[in-house]
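Student: Sequence plus predicted model, see below.
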Amino acid sequence: MVSLTTAEQAMLDGEQGAATAKAMNLLIRYAEALGAERFVETNNVAGVPGSSTPWIKEYYKADGGDYRAIFSRFDLDSDEVVDVPRMNAFSCHLQGGMDPELWREQGMTEAQHANFAYDEGQVAAHGIQVMKTCTPYLAGNVPVMGEHCAWMESSAVVFCNSVIGGRTNCEGRESTSAAMLTKRIPDWGFHRDDFRYGRHAVRVEVPVDDIFEWGMLGYFTGDAVQDTIPVLDGAIGAPSLIRHKHFGAAAASSGGVEMYHMVGITPEAPSAERAFGGGKAEEVFVYDAAARARTYERLNAVGDSRDVDFVMLGCPHYSIEQIAQAAHLIEGRSVSASSALWIFTSRAVKATADASGFTRILERAGARLMTDTCSSISQAVPPGTRVAALDSAKQVHYLPAIMGIEGWYGTTAECIDAACTGRWAGRLAA
Amino acid sequence: MVSLTTAEQAMLDGEQGAATAKAMNLLIRYAEALGAERFVETNNVAGVPGSSTPWIKEYYKADGGDYRAIFSRFDLDSDEVVDVPRMNAFSCHLQGGMDPELWREQGMTEAQHANFAYDEGQVAAHGIQVMKTCTPYLAGNVPVMGEHCAWMESSAVVFCNSVIGGRTNCEGRESTSAAMLTKRIPDWGFHRDDFRYGRHAVRVEVPVDDIFEWGMLGYFTGDAVQDTIPVLDGAIGAPSLIRHKHFGAAAASSGGVEMYHMVGITPEAPSAERAFGGGKAEEVFVYDAAARARTYERLNAVGDSRDVDFVMLGCPHYSIEQIAQAAHLIEGRSVSASSALWIFTSRAVKATADASGFTRILERAGARLMTDTCSSISQAVPPGTRVAALDSAKQVHYLPAIMGIEGWYGTTAECIDAACTGRWAGRLAA
Amino acid sequence: MSAVIDEVEPIVLTGRRVVEGVAEGEALVTQETISGWGGVHAMTGTVIESRHELKGVSFAGKVLVFPGAKGSSGWSGVFHTARLAGTAPLAMVFTTMTTKVALGCVVMRVPSVTDLDGDPLALIATGDWVRVDGDAGTVTIWKGGRP
Amino acid sequence: MSAVIDEVEPIVLTGRRVVEGVAEGEALVTQETISGWGGVHAMTGTVIESRHELKGVSFAGKVLVFPGAKGSSGWSGVFHTARLAGTAPLAMVFTTMTTKVALGCVVMRVPSVTDLDGDPLALIATGDWVRVDGDAGTVTIWKGGRP
Ligand code: F3S
Ligand code: F3S
């Protein structure tokens, strides 16, 4: 049985209104399902509160089919519709379904856009930050070490736990929406010290030095350790945000890694011993030249034709550094008539890209800088796309499967070359 | 003598062009001044490259007085003017001199604005990210633990070292501009493990729980330890980015704190022992109720009249969470006719504030959300300002001194009340 | 005689309630974890992940017996939508607790148990008849189908 | 007799070069660290920090003897501007090394030394005549003024 503080009992009893009572009820059911004994307080929640497809709105038509109905019935899993107040926690909205301006180009209809715009207005009206990104930490929501968070989005979760030392489970839509009202989440899993220790070791024997290599190492790692916590050690080059971002997203998609340690690199791994919490590695995996080559093959298993008609960058959403690099690589060239180049980021980062002239450089070259979403989330690719080139292991894991297309994995430079030539010439450098 | 790698020697010899050679020359002089023995590589540089006042442009008129001249002669301290290429490192521009749109309201002239716009165009043209903020970590530049950075801006430096576990000294304009070209900075100070250990202890005996309290504790700490590294322990509440931000900025301004440890909270202080690197505290300072009251008095020493005619929030630049909070506090009220409320943030965060409806709420209430700068940096306050109310210990340290006005320190809510009533009613709650 | 008794006597496993309620039906068993978003088509309750051993099979109206959840944080949302679409399983039995599967069971509102004193993935085969008692935290298995 | 010799014999301190070159002039000594941005008016070389013991005093053309730098990262920029404005000190002697003061000395391009084998803040008084030899890393002090 989960035990409640006085404040939590009061919320359940309706002292903060019906919506918070419903949220508390849902969280108690969730805590009991987990076997959690108490809640932790959180003031950092990232989810997709109340955003819904027209199908769900239609389903709740009898209840009004509006934001209030969807938030009550779906997000809070409530049997009745209640008034939804402004959220209490620092709350942000993760990625959404389309670019707020380039949605036509993404193949969205007027009706879909109207649905999107309505939801976004409601999100804002409820005091939720409209970040619209899978990288809130690049858009002004940076947790700190030890901070209890309630985040969705596997690539953001693994970043928060591993790179920052924040504490979050991989939450779902309903638990994050409820946490926005209650500022509570079950004290289970990554909120607790003993859950955060490593279980398997990965020995890195080939130098791993840019997002392409970090992405491959991540993909290998997730495949090896599945959803346990790996401790990596060895020839890992200087860390940076974008390297961690690509590693974590890859490991979360090939396995289900929600936290990793890198000895001497991540905050909870000053030593291998501390990363394992005094325990021993259950299994040791070796990432050597052969493993690297196998990983490359796997990532490129769905590539056959070298005629690339679509290049998508920005999974997870590109940082300003990556946008600058892409702009630099394409300046003076242009996207081939037989191809397209879409780059995804957050609105916050795009504001800096606009001010820094990168958006203009990209557009002049025929590329598009888009926000809010990505091709996998919105199932949006240019019409007729058959072969995509991608610099993200996560995206190559998902996009070809979702869209039934071929996909190549390579470096950012190889992808931009492919966009400019319409041909894939990527290869694994020794 | 600083030793050079082959690549560094080649830069000095001009293999990457004259500007990089000049930059290397400056960095060698700087390294020798410090007594550094080598350089570290950095790919994260934050400075104010080439931005200059009309006076400096006038000074270098004979050299052309343009960006090229200023960057060569001033930033690189070169005796000749050289061509300035695109920067090589991931480089961003910190806070600047005026809001790009509301500059007239800030009292800037057309000529000043033209100078600003010219510089910004040049910054962008050189591949530098136009972030224009003292909080790059809220605008898409988040270093990771162990990453070597070269940052200016004391409040950002202390955040990077302490909260993230990144590694930067408090760099200057010339060293950051040179590092943008060379990707090098002297291996000295905070880049080295043994420099990062604590020296003094601060025992916190009263609960410290929001930005107002964290700001006061920071101000007390800087005053106590001056520019050494403090290790704080005790009744410190749950950490969050904005709490650290206010603490660090305060400690950097009352003392010169460039790094701090909080036991069990910051990444390099899992224990007091580790924070001190095995050593002992030279001195122990106690933050108790009396120290808290004294700190409050000191911060309010320049407040006399309770007729507040200006409220400035956003030092360091407000996060989206703080903007949301301010919007929430002022919604349905309005700024008094006898007062003004200016809130400062970065352009990236403002993009999210716009999308989230906060900008509109603030404007409807008569407040202004401004970017790029702050009242201290731009010496801009509404005409006739005599008494300011501030929720930042750093700002109350600087602004009244710079502008010759009175200043009050209080909570965000007290400041917003003052803006709406024109009266200061702040007091230290027990 | 004994063979008949074996077929009649059900196996009872005891574990922990995840979600209350009692339901029984035909088991659908997989040794592989299941992805929600990108792995399941909510409108039909069909597994769509390429290379999954249940690819093309629907769990609608079955007792789903599986190791647990994997993949995107959209897991609960997908299974929640399956409930609305009427394609949810009747009950859930799984072995590895995660936030994804816990929340999914809660919002699907189907009887669910875990932490059983025998391995359901070894003891239950697709087609067996299974009663999941979420209140008691038990699973009762009739090998070979409806008793 | 001995008193006369004392006045004539200068004190020599040996330390480490920060910036090369040789300069001599009248000392301006403070026991307090100096802020650049917000602490110094570059156009006149005047300390403007409220409550600073040098408030209102200009270091232009003096040998500045001080503990070191504090305050904003704009330190080097302010002292660099002072050089352009012709208000820089002739030379710098300080006791605590920081990145601020190191970079400031470099871009001011004045002879500077630190790490001396005697405490310059105790041994030098405002008005003493001081030669700073950045090449040799020495400071020569004539108490009471120009010898
Ligand atoms: S939401 Fe983000 S992590 Fe990748 S799959 Fe889409 S860009
Ligand atoms: S630049 Fe930023 S830290 Fe404060 S003094 Fe101005 S808001």
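Tutor: Good, I have the coordinates. Numbering: from 1, shown residues only, chains lettered A, B, ... in the order given. Ligands and ions are numbered 1, 2, ... in the order given.

Student: Can you give me the neighbour number for A:Leu27?
Tutor: As a burial measure, the neighbour count of A:Leu27 was computed by other CB atoms under 10 Å in any protein chain shown and equals 29. (Glycine included, C-beta is placed from N, CA and C.)

Student: wait, is A:Ala201 part of a strand?
Tutor: Yes. According to DSSP: H, G, I helix; E, B strand; the rest coil, the state of A:Ala201 is that of a strand.

Student: can you pull the contacts of the closest residue to it other than its chain neighbours?
Tutor: Of all residues not flanking A:Ala201 in the chain, A:Ala281 sits nearest, at 3.7 Å (CB to CB, 6 or more residues apart in numbering or on different chains). For A:Ala281, the set of contacting residues under the criterion of CB atoms under 8 Å, 6 or more residues apart in numbering or on different chains consists of A:198-201, A:231.

Student: Any of the residues you listed buried? List them.
Tutor: The neighbour-count test (16 or more other CB atoms under 10 Å in any protein chain shown) applied to those identifies A:198-201, A:231 as buried.

Student: Show me where chain C has its helices.
Tutor: Along chain C, counting by DSSP state H, helices occupy C:2-8, C:75-85, C:99-108, C:120-123.

Student: who are the neighbours of the shortest one, in terms of helices and strands?
Tutor: Right, helix C:120-123. Using 3 or more CB pairs under 8 Å, 6 or more residues apart in numbering or on different chains; DSSP states H and E as the contact test, the elements touching helix C:120-123 are strand C:11-14, strand C:63-66.

Student: between those, which one is nearest to A:Val387?
Tutor: Distance to A:Val387, taken as CB to CB, is lowest for strand C:63-66 among these, at 34.3 Å.

Student: Run me through the strand neighbours of that closest one, direction for each.
Tutor: In the sheet, strand C:63-66 lines up against strand C:22-29 (parallel), strand C:91-94 (parallel) (DSSP bridges).

Student: now those in JSON lines, with mean neighbour count, mean pLDDT and distance to C:Gly61?
Tutor: What follows is the strands paired with strand C:63-66, written out as JSON lines (neighbours: other CB atoms under 10 Å in any protein chain shown; pLDDT from 0 to 100; distance: least, CB to CB, whole Å):
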{"stretch": "strand C:22-29", "mean neighbour count": "19", "mean pLDDT": "98", "distance to C:Gly61": "7"}
{"stretch": "strand C:91-94", "mean neighbour count": "27", "mean pLDDT": "98", "distance to C:Gly61": "10"}
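
Student: thinking again about what came up before, looking at the buried ones among the contacts of A:Ala281, which one is closest to B:Tyr296?
Tutor: Among those, and counting by CB to CB, the member closest to B:Tyr296 is A:Gly198, at 45.4 Å.

Student: List the contacts of that closest one.
Tutor: Each residue near A:Gly198 by CB under 8 Å, 6+ apart is listed here: A:229-231, A:261, A:269, A:275-277, A:279, A:281.

Student: Can you tell me the closest non-neighbouring residue to it?
Tutor: With CB to CB, 6+ apart as the measure, A:Val231 is the residue that lies nearest to A:Gly198, at 3.6 Å, once sequence neighbours are left out.

Student: Looks to me like the one you found is in a strand.
Tutor: Yes. Secondary structure assignment (three-state DSSP) places A:Val231 inside a strand.

Student: Tell me the confidence at it?
Tutor: Taken from the predicted model, the pLDDT recorded for A:Val231 is 98.

Student: any idea how far B:Glu80 is from it?
Tutor: When distances are taken as CB to CB, to the nearest Å, A:Val231 and B:Glu80 turn out to be 53 Å apart.

Student: Residue ranges in chain C under the pLDDT threshold?
Tutor: C:1-8 (pLDDT under 70).

Student: quick one on the thing from earlier: okay, the helices and strands packed on helix C:120-123, which one's buried deepest?
Tutor: Most buried of those, by mean neighbour count (mean count of other CB atoms under 10 Å in any protein chain shown): strand C:63-66, with a mean of 27.

Student: For C:Phe66, name its beta-bridge partners.
Tutor: Beta bridges link C:Phe66 to C:Phe94, judged by DSSP bridges.

Student: how about the residues of the stretch 101-250 of chain A near ligand 1?
Tutor: By CB under 6 Å from any ligand atom, the residues of the stretch 101-250 of chain A that approach ligand 1 are A:134, A:155, A:249.

Student: now, which of the residues you listed lie within strands?
Tutor: Applying DSSP state E to these, no entry is found in strands.

Student: Quickly name whichever of those is closest to D:His52.
Tutor: Closest to D:His52 out of these is A:Cys134 (50.3 Å), distances taken as CB to CB.
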